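Trainee: Sequence and predicted model, in that order:
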Number of protein chains: 2
Amino acid sequence: MRESLFTLLTLSGEFDVPAVFPHAGGIEKHVIEYDPELILMDIDMPVVNGIKGITLARHANADVKILMFTVFEDEDKIFDALSAGADGYLLKNSSPDRLLEALQQLQKGESPMTPAIARKVLNYFSAKKIKQEIYQLTDKEKEVLKCLTEGLSYKMIAAEMKISIETVRTHLKRIYAKLHVSSSTQAVSKALNEKLV
Amino acid sequence: MRESLFTLLTLSGEFDVPAVFPHAGGIEKHVIEYDPELILMDIDMPVVNGIKGITLARHANADVKILMFTVFEDEDKIFDALSAGADGYLLKNSSPDRLLEALQQLQKGESPMTPAIARKVLNYFSAKKIKQEIYQLTDKEKEVLKCLTEGLSYKMIAAEMKISIETVRTHLKRIYAKLHVSSSTQAVSKALNEKLV
DNA sequence: GCGTTCGTCCCCCTTTTATGGTATTGAATA
DNA sequence: TATTCAATACCATAAAAGGGGGACGAACGC
């Protein structure tokens, strides 16, 4: 795989491949030594995996463009890679032309992504509004929950909403019951993770 | 613009364009009437804009695929559109071929995105790790904070980490000081919003 | 060797939350 | 009209969290 990528990129005449490695071990040194513009990174590698590799490479050079080129399309790995600072994410079933195009886009500061990956990323933004309904929170309950996620205490929520603290309590009880939680942190966590507010 | 898109799509022989509208007014009715598989949507339109249009269209048909095709590339509009449930986001400077390809990808359930848009979306994920450093949380503190964001009580965190509850309390005190907060909900809120864990 | 940070643990005391009740009002609705 | 439900409010008690302090060993750097 590494061989054929090296050949592809070199023969394209567009890129110069100064080095190729079987894993991300010592990547910090390598990045400093070769000072590449782009890095093509797999995820599942021995010694140091690609996710960790991103972090390490970023540490050595904050500007180097890193393209994930891997077979993994499970959300965990994608989000881990993107969170670690990957600049693009292409699945290995992409065509050689697409890969070359992606590398050029990276040079322009853009972020090439396989549409299937983009799909998962977008789901992160939209999937929320659906769940919002299933808990059947009333408007007031949502308002209280929103205050809670902003870190307000019962007392502050009461002042903010101009209601008694006892009412805040009552709302919270019902919110907890509806969300099936039993503490403010759980409620905030659920609210933020599922974008209920 | 609408004319030429209609012509392009029709002549491609791949798509059938049942209707074209100058704005998103009455889109719910239109969606129900024509029951389209795909919708190509602009943002800046009179009467009802494209963002609102997404919400309305989704309301009429939760499964219809919506592709934003617009000149806007400011983050607000992008995130509003994606949050509202857009399935893809192409800039109008894309080639006709790219547009046709994008529509086909939509049919497959994928999410075509102009790499420049993807860039902004990715920034959302990675911009965080920067902040993660400024609070200078230690590894243990991060671990405690993570547990807290998962809704665990002090007692449960202590059990989970196999340390005394007093140690948990100490960690929390230091975390609160570093994050400049004074309650668990504030800490969880900050941690989740700024992706500290 | 000395200071610092980290991780660990303990005490005391106050405030806040959580849980379980009960109850009144008004609006919507069957 | 009777019923349901959302929103309001109160009480009591138990549990949890927050804020102040102090202590100690290990690791690290200077």
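Mentor: That came in fine, so what should we check first? If you're wondering where the values come from, they're calculated on a predicted model, not measured in any experiment. Numbers count the residues shown, from 1 in each chain, chains lettered A, B, ... in the order given.

Trainee: And the helices in chain A?
Mentor: A:2-12, A:27-34, A:50-60, A:75-84, A:96-107, A:115-126, A:128-134, A:139-149, A:154-161, A:165-179, A:184-193 (DSSP state H).

Trainee: Can I get those in JSON lines including mean neighbour count?
Mentor: Using the backbone N, CA and C atoms, a C-beta is placed for each residue, glycine as well. As requested, these are arranged in JSON lines below (neighbours: other C-beta atoms under 10 Å in any protein chain shown):
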{"stretch": "helix A:2-12", "mean neighbour count": "13"}
{"stretch": "helix A:27-34", "mean neighbour count": "16"}
{"stretch": "helix A:50-60", "mean neighbour count": "21"}
{"stretch": "helix A:75-84", "mean neighbour count": "19"}
{"stretch": "helix A:96-107", "mean neighbour count": "17"}
{"stretch": "helix A:115-126", "mean neighbour count": "20"}
{"stretch": "helix A:128-134", "mean neighbour count": "13"}
{"stretch": "helix A:139-149", "mean neighbour count": "20"}
{"stretch": "helix A:154-161", "mean neighbour count": "16"}
{"stretch": "helix A:165-179", "mean neighbour count": "16"}
{"stretch": "helix A:184-193", "mean neighbour count": "21"}
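
Trainee: tell me, which of these is the model least confident about?
Mentor: Among these, helix A:128-134 has the lowest mean pLDDT, at a mean of 60.

Trainee: Give me the sheet partners of the lengthiest strand in chain A and which way each runs.
Mentor: What stands out as the longest strand in chain A, according to DSSP state E, is strand A:65-70. Strand pairing for strand A:65-70, determined by DSSP bridges: strand A:38-41 (parallel), strand A:88-91 (parallel).

Trainee: Just the residues contacting the last one, thanks.
Mentor: By C-beta atoms under 8 Å, 6 or more residues apart in numbering or on different chains, the surrounding residues in contact with strand A:88-91 are A:65-71, A:73, A:78, A:81-82, A:98-99, A:102, A:105-106, A:111-114, A:116-117, B:115, B:118, B:122.

Trainee: and chain A, what are its domains?
Mentor: A:2-126, A:129-193 (automatic domain parsing).

Trainee: can you tell which of these is closest to B:F6?
Mentor: domain A:2-126 (24.1 Å; C-beta to C-beta).

Trainee: I'd like the distance from that closest one to the chain centre, please.
Mentor: Mean C-alpha position of domain A:2-126 versus that of the full chain (C-alpha atoms, centre = their mean, to the nearest Å) differs by 15 Å.

Trainee: Can you name the residues of chain A sitting close to DNA strand D?
Mentor: A:136, A:138-141, A:161, A:163-167, A:169-171, A:183, A:185 (C-beta under 7 Å from any atom of the strand).

Trainee: on that earlier part again, so which of the strands paired with strand A:65-70 gets nearest A:A60?
Mentor: That would be strand A:38-41 among the strands paired with strand A:65-70, by C-beta to C-beta, at 10.4 Å.

Trainee: ok, residues contacting that closest one?
Mentor: A:5, A:15, A:24, A:31, A:50, A:53-54, A:57, A:64-70, A:86, A:103, A:106-107.

Trainee: ok, now which ones touch the most far-flung residue of chain A relative to its centre?
Mentor: Distance from the centre of chain A peaks at A:S164, with 40.5 Å (C-alpha atoms, centre = their mean). If a contact means C-beta under 8 Å, 6+ apart, then A:S164 has A:A158 as its contacts.

Trainee: Now it, what are its backbone angles?
Mentor: The phi and psi values for A:S164, taken as degrees, to the nearest 10, are phi -70, psi 150.

Trainee: hang on, the earlier thing: dump the domains of chain A to CSV, plus distance to B:K190.
Mentor: Formatted as CSV, these follow (distance: least, C-beta to C-beta, whole Å):
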stretch, distance to B:K190
domain A:2-126, 17
domain A:129-193, 8
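
Trainee: Of those domains, which is nearest DNA strand C?
Mentor: Each of the domains of chain A has some distance to DNA strand C by C-beta to the nearest atom of the strand; the shortest is domain A:129-193, at 3.0 Å.

Trainee: check whether the closest one contacts DNA strand C.
Mentor: Yes - using C-beta under 7 Å from any atom of the strand, domain A:129-193 reaches DNA strand C at A:S153, A:Y154, A:K155, A:R169, A:T170, A:L172, A:K173, A:Y176, A:S182, A:S183, A:S184.

Trainee: ok, those vs chain B, which is closest?
Mentor: Of all the residues of domain A:129-193 next to DNA strand C, A:S184 has the smallest distance to chain B: 4.9 Å, by C-beta to the nearest C-beta.

Trainee: residues in contact with the closest residue to that closest one other than its chain neighbours?
Mentor: What sits nearest to A:S184 in space, not counting adjacent residues and going by C-beta to C-beta, 6 or more residues apart in numbering or on different chains, is B:T185, at 4.9 Å. Residues near B:T185 by C-beta under 8 Å, 6+ apart: A:L148, A:T149, A:G151, A:L152, A:S184, A:T185, A:V188.

Trainee: run the last query once more with 6 Å
Mentor: Residues near B:T185 by C-beta atoms under 6 Å, 6 or more residues apart in numbering or on different chains: A:L148, A:G151, A:S184, A:V188.

Trainee: which residues touch A:K92?
Mentor: A:V71.

Trainee: again, but for the one 10 residues further on
Mentor: Shown in contact with A:A102 (C-beta under 6 Å, 6+ apart): A:G88, A:L90, A:P112.

Trainee: Give me the distance between it and A:I66.
Mentor: Using C-beta to C-beta, to the nearest Å, we find A:A102 at a distance of 12 Å from A:I66.

Trainee: Grab the nearest non-local neighbour of the residue nearest the centre of chain A.
Mentor: Most central in chain A under C-alpha atoms, centre = their mean is A:F79, positioned 3.3 Å from the mean C-alpha point. What sits nearest to A:F79 in space, not counting adjacent residues and going by C-beta to C-beta, 6+ apart, is B:F125, at 7.0 Å.
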